[in-house]
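Colleague: Just need the structure, nothing else, for what follows:
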Amino acid sequence: MKVLFPFLALAAGFGGMTLIEVSASEDEQKDIVDTRPTVTIETAQAEDYQVVISNHGEVQPLERTMISAQVSGEVVSWHPSFVAGGLVLRGSVLFSIEKDAYEAALLQAQANVSLAQSQLIEEKARADVAEREAKSLPSSKVSDLYLRKPQLLSAQANLKSAQAGLKIAQRDLDNCDVIAPYDALVVSRNIGVGQFIGQGTTVGEIYNVEAAEIIFPVAGFDREFLPDNLAEKEAKVTTNGYNPIERTGLISRDLGVVDQATRMSQLVVRVNDPYSLKSNMPALKFGNYVQVSFPGRTLEHIYRLPQALVNNQTVWIIDKDNKLQPKKVEILREEGEFLLINKGLSDNDSIVTTLPEYPQTGMEVKVSSGEKANELTAQKAR
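Modeller: Residues are numbered from 1 along each chain as shown. Modelled structure (predicted):
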């Protein structure tokens, strides 16, 4: 046993040394770790981009009309929809005034015309007789009075006067029915059946619902992006809220002045049939505050980046050695969550979409091949 002990001790020592070497080798392998921060990138690609101009305005009626009576008399009826909030169609009778007196006046005017016509016929006959008799008389004795020319002119004038009276009587009778001049929203009504109203009395107010207008401002920085021809350009009108309403309108005109306080110009968009009397579209009510947007100029060779990728007019890219490099860019325009960049980037630049916490120029990074590599494309699609 004593003889074997040295050999056993030597074997145990050799085994221990081997175990220590293996453990040290494994520790060295574990210490070789890639400490480079991981980033995701997207390849820059310029595009032609059409600017969208947008702002807000209030929906207003195209016309406001104070309804008044053109003749005096007693109100005998009014339209069931001639109430605040009612909608009436063009040509509807809003209310009627008692017609008896005006019908009688029309009959009298017709009689006056008939009488004047008969008097003119008689006077023409007398003038013809006088003209035949004058042929046998010396010309010195034939005067205009003898030929009854003044009497004929008087009879013709009486007929014209009677015809004018007939027109007035017919107009007054027609005006007993007050007609809606257009498709209208009734704002107010101030009459009732049996009420006597005088000529010119205001009895209500209506708004034209055949078309609505939205006047909205255009900021100075937007003006250079307006299209060359604004007339009849299509615009999208959208309400705010949980269930927004979207309608289509046309740019009607530019008000032609720049506001001295805000330095903004103003455009007008017209929306036909806002209350949808002739369609099944949702009503766009007067007073709604809406967003108006329409396409502007098309910009060439533009890079469209999310605002989060641009800090202090700087975009981070990685070079061919996978090192971070900052690039100064020129921002042409801001649109929602995106910036339009026209200078500073080049096609195929590798834009970093997820930066390390403390990025430094020349910092080595590794590019992720995971799902986030197309993050920029996904954001643009949204």
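
Colleague: Identify the residues contacting Leu250.
Modeller: Leu250 sits next to 232-235, 269-270 when contact means C-beta atoms under 8 Å, 6 or more residues apart in numbering. Any C-beta I mention is one placed from the backbone N, CA and C, and that applies to glycine too.

Colleague: Sorry, wrong one. I was asking about Glu232.
Modeller: Applying C-beta under 8 Å, 6+ apart, the residues contacting Glu232 are 250-251.

Colleague: same thing with Ser81?
Modeller: Applying C-beta under 8 Å, 6+ apart, the residues near Ser81 are 87-88, 92, 186.

Colleague: Gln60 now?
Modeller: So Gln60 contacts 212-215, 286 (C-beta under 8 Å, 6+ apart).

Colleague: let's go with 10 Å and repeat that
Modeller: Listed by C-beta atoms under 10 Å, 6 or more residues apart in numbering, the contact set of Gln60 reads 207, 212-215, 268, 274, 286-288.

Colleague: what do you get for Arg247?
Modeller: For Arg247, the contacting residues are 59, 212, 235-239, 269, 271-274, 276, 281-284, 290, by C-beta under 10 Å, 6+ apart.

Colleague: next one: phi and psi at Gln70?
Modeller: Backbone torsions of Gln70, given as degrees, to the nearest 10, read phi -90, psi -10.

Colleague: Can you get me a residue count around Val257?
Modeller: 9 (other C-beta atoms under 10 Å).

Colleague: If I look at it, what pLDDT would I see?
Modeller: pLDDT recorded at Val257 is 90.

Colleague: same question, Glu74
Modeller: 96.

Colleague: my read: it touches Gly198, true?
Modeller: No: using C-beta atoms under 10 Å, Glu74 makes no contact with Gly198, being 11.3 Å away.

Colleague: By mean pLDDT, flag the weakest helix or strand of the chain.
Modeller: Of the helices and strands making up the chain, the lowest-confidence element is helix 375-381, at a mean of 53, by mean pLDDT, DSSP states H and E.

Colleague: check contacts around the closest residue in space to Arg36 that isn't next to it in sequence.
Modeller: Leaving aside its sequence neighbours, Arg36 sits nearest to Lys366 (C-beta to C-beta, 6 or more residues apart in numbering; 4.7 Å). Taking C-beta under 10 Å, 6+ apart, we find Lys366 in contact with 34-39, 318, 322.

Colleague: do the same with Ser252
Modeller: Here Ser252 is in contact with 62, 211, 213-215, 230-233, 235, 267-271 (C-beta under 10 Å, 6+ apart).

Colleague: Counting neighbours, what do you get for Leu173?
Modeller: Neighbourhood size, Leu173 [other C-beta under 10 Å]: 19.

Colleague: Three-state assignment for it, please.
Modeller: Using DSSP: H, G, I helix; E, B strand; the rest coil, the secondary structure recorded for Leu173 is helix.
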